[in-house]
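J.: below is the structure, and that's it, no one-letter string:
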């Protein structure tokens with residue numbers, strides 16, 4: 001197994017790779033425009049997973065005020081690099097980042113990776129009745145046809 005290096009340097013991120021994965025393979029962002037991905041990266045603390053001689057193989061971003069709240073989003077490892085512990089390494093490094101310590105609430109949404117996040121303290125909301133959202137699940141499809 002090759003070692004993965006995690007970096008928060010946005011200059012090292014491969015925008016085309018991230019966009020290609022999010023727009024075609026991620027269930028949560030099918031069809032997302034590249035400029036939307038670029039804006040999301042610009043406004044987030046991003047984590048890129050890189051393998052020497054291969055390039056970027058993983059990505060995640062955190063939206064936060066770095067004092068009280070954070071939201072973990074767009075976490076992925078490319079399919080051909082899964083099963084090697086990279087997702088656990090990525091999440092561990094995110095959770096250890098100095099800007100993300102002492103937060104009152106750290107949230108994420110997942111349909112299929114509860115087992116990845118549970119060891120880091122993530123659980124179903126204690127009071128889900130207190131949470132609200134505005135959801136536009138087909139916004140990227142709507143954007144394409146508009």
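T.: Everything's here; your move. Computed from a predicted model, the values in this text were never measured in an experiment.
J.: the protein: helices as residue ranges?
T.: Assigned helices in the chain, in chain order: 15-24, 34-42, 86-96, 114-117, 139-145 (criterion: DSSP state H).
J.: residue ranges with poor pLDDT in the chain?
T.: Within the chain, the ranges that satisfy pLDDT under 70 run 1, 143-146.
J.: show me the strands in it, by range?
T.: 4-7, 45-51, 55-64, 69-77, 105-108 (DSSP state E).
J.: out of the ones you listed, nearest to residue 83?
T.: Among those, the nearest to residue 83 by CB to CB is strand 69-77 (9.0 Å). In this view, the C-beta of every residue, glycine as well, is placed from N, C-alpha and C.
J.: on that earlier part again, can you redo the strands of the chain as a markdown table with distance to residue 126 and mean neighbour count?
T.: Converted to a markdown table, the strands of the chain look like this (distance: least, CB to CB, whole Å; neighbours: other CB atoms under 10 Å):
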| stretch | distance to residue 126 | mean neighbour count |
| --- | --- | --- |
| strand 4-7 | 30 | 17 |
| strand 45-51 | 25 | 21 |
| strand 55-64 | 20 | 20 |
| strand 69-77 | 15 | 20 |
| strand 105-108 | 10 | 14 |
